[in-house]
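# Predicted model and sequence follow; I will ask about them next.
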Amino acid sequence: MIHIARQLLPSLRSFTNAASTVITLNRAFTTKPEEDDRNKKTQQAIVLNEEDIEEKHVRGWGNGGQKLNKTSSCVQLLHKPTNIMVICQDTRYLQQNRKIARKRLMDKLDLLFNGENSKTGQKIRKLQARKHKNRQRAKKKYSSKEEAEDNQHD
């Protein structure tokens, strides 16, 4: 499979008129077939129906002062079919909390229905791979140091 990447060539820019002239080069490169299979997403589209959501506005709590504690700016969303609840009181304002809560609910539903192919699942998998790679690197580094110390003692 061939992908087209757009690469900026800074050496070919016109230095006299750099703001208006940028030369780009389209470069083709190939990828391995197994990479294409991994990147292929078979995600279900998540549709959030308002009839499926029960929304409550409750009093806030915690840090934020009197304004937060005496207004009903905390949003609780309950997705009735899956019984998933999301609570948001990140800001002091109801409209911002409603928007954030809906986004969190969509993320949770995406993770539930799409699993590893969801955005959250992909982030988790990427972090796990990075941690594994760092552990392997550390193990290799310290095992070679131990071998060097053993050789010095002999």
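Thanks, I have the structure now. Numbering: from 1, shown residues only.
# what are the ranges of the strands in this protein?
Along the chain, counting by DSSP state E, strands occupy 2-8, 24-30, 53-58, 74-79, 84-88.
# Packing partners of the longest helix seen in the chain?
Looking across the chain with DSSP state H, the single longest helix is helix 119-153. Counting contacts by 3 or more CB pairs under 8 Å, 6 or more residues apart in numbering; DSSP states H and E, helix 119-153 packs against helix 94-114. C-beta coordinates here come from the backbone N, C-alpha and C atoms, glycine included.
# Please state the offset of the helix it packs on from the chain centre?
Averaging C-alpha positions (CA atoms, centre = their mean, to the nearest Å) puts helix 94-114 13 Å from its chain's average.
# same check, this time on stretch 103-117
The answer for stretch 103-117 is 12 Å, by CA atoms, centre = their mean.
# Could you list the buried residues of that stretch?
104-106, 108-111, 114, 117 (16 or more other CB atoms under 10 Å).
# In the chain, where is pLDDT below threshold?
Confidence mapping of the chain against pLDDT under 70 gives the ranges 1-43, 153-154.
# can you tell me how far Gly60 sits from Ile100?
14 Å (CB to CB, to the nearest Å).
# which of the two has more neighbours?
Neighbour comparison, Gly60 and Ile100: the larger count goes to Gly60, with 21 against 16 (by other CB atoms under 10 Å).
# these two touch, right, the more buried one and Val75?
No. With contact defined as CB atoms under 8 Å, Gly60 does not count as touching Val75 (9.9 Å).
# Mind listing the shared neighbours of those two?
Taking CB atoms under 8 Å, 6 or more residues apart in numbering as the criterion, Gly60 and Val75 both touch Gln89.
# which residues does Glu54 bridge with?
Counting by DSSP bridges, Glu54 forms beta bridges with Leu78.
# correct me, but it touches Val75?
No. With contact defined as CB under 8 Å, Glu54 does not count as touching Val75 (11.3 Å).
# Comparing these two, which shows the higher neighbour count?
Val75 (25 against 11).
# Show me the residue sitting in the middle of this structure in space.
Residue closest to the mean C-alpha point of the chain, counted by CA atoms, centre = their mean, is Lys123 at 5.0 Å.
# Okay, that one and Ile84: tell me how far apart.
19 Å.
# rewinding a little: can I get the buried residues of stretch 103-117 in TSV including distance to His79?
Conversion of these to TSV gives the following (distance: CB to CB, whole Å):
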residue	distance to His79
Arg104	11
Leu105	6
Met106	10
Lys108	8
Leu109	7
Asp110	12
Leu111	13
Asn114	15
Asn117	20
